[in-house]
Structure formats: C-alpha cells, structure tokens
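Undergrad: have a look at this fold, sequence not included:
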C-alpha cells in the first residue's frame, strides 16, 4: 500500500489516469505488486545436487529464489524498472508461484482494490511530505522494500 501511495504522490498523472478509468485499478494493482514485490526472496535447501548455469549447487546448500529480481528481469518485462499501470501481460511472481503462492495474496489484492478505489474517488492530489526508505538487504544486494516513514497530504476531490 505504501509503495502504491508513494508512486501516486510522485507521479500525479497516475492518479489522474486511475480516476479517469477506475476499471483499470486491478491491472494497476498487479503492476504495483510487480514493481514493489512484497517478497524479495525466499530461501530453500537443495534436496539434490544440481547445477544452474555455470553454478554447482550441492545437496543441503541454501539457495535463494529472488522474486524481486525476477519481477525486474528485462527479458521478461519491457522497461522493468518503470511502473507501467496498464502492463499486460504481467506474469509477476510477487507472491511466489504454484503451490508456494502466498495464501494472503487475494486478501492483499482486495485491500489494494478498496484503497485505490477510495483514493481515486475521494482524493484529487497526494502530496509527498516525507519518505524514509526501509531498506532490505541480502548479501551485497540492497533494495527499498517499503518505508520506515511515509507522510503524505491528501487533498480532497471536489
């Protein structure tokens, strides 16, 4: 939610676009999830020895599946670092994939749908006052996962 609000505050045309076509909110939600994946990575233990590309992985070795990296893969997404509200198809893995898909994914989508629906109906401008990034790191890789503090001013629609 905070990543979506931050985007709408820093890209005011996006709020106008969603207000002019509220039916596009579900597609925008998927893009917010792809761009700001709630799960950056998940660890697993290799059950068999194998290799991936030029890397050997021994049985019992801890590996990390990089969902956030997959969602920014330029081979899978055109302009992967941009928020494209009408991106389609959008085969992101923000909540995992297959039998390991997050059970809370439908609830999160519902909350975002309600939030964005209310915002586009009631708010004309979202003004960014302060943003303090919440950083997440895994080895040498760091990314903004969300915010430790996000302060915005909402200006009501008339």
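TA: Structure's in. What do you need? In this text, all values refer to a predicted model and were calculated from it rather than measured experimentally. Numbers count the residues shown, from 1 in each chain.
Undergrad: which parts of the protein are helices?
TA: 2-10, 12-20, 25-35, 67-70, 105-122 (DSSP state H).
Undergrad: give the rounded mean pLDDT of the first one.
TA: Here helix 2-10 scores 96 as its mean pLDDT.
Undergrad: for the shortest one, same thing?
TA: Averaged across helix 67-70, the pLDDT comes to 85.
Undergrad: residues in contact with it?
TA: Defining contact as CB atoms under 8 Å, 6 or more residues apart in numbering, one finds that helix 67-70 is touched by 37, 39, 40, 41, 42, 76, 92, 93, 94, 96, 141, 143. All C-beta atoms are positioned from the backbone trio N, CA, C, and that covers glycine.
Undergrad: coming back round to it: worst mean pLDDT among the helices of the chain?
TA: With a mean of 85, helix 67-70 has the lowest mean pLDDT of these.
Undergrad: chain center to that helix: distance?
TA: Going by CA atoms, centre = their mean, to the nearest Å, the spacing between the C-alpha centre of helix 67-70 and its chain's C-alpha centre is 10 Å.
Undergrad: same deal with stretch 133-147?
TA: Relative to its chain's centre, stretch 133-147 lies at 13 Å (CA atoms, centre = their mean).
Undergrad: quick one: buried residues of that stretch?
TA: 145, 147 (16 or more other CB atoms under 10 Å).
Undergrad: now do the same end-to-end measure for that stretch.
TA: 4 Å (CA to CA, to the nearest Å).
Undergrad: check stretch 76-94 too.
TA: OK, stretch 76-94 end separation, CA to CA: 14 Å.
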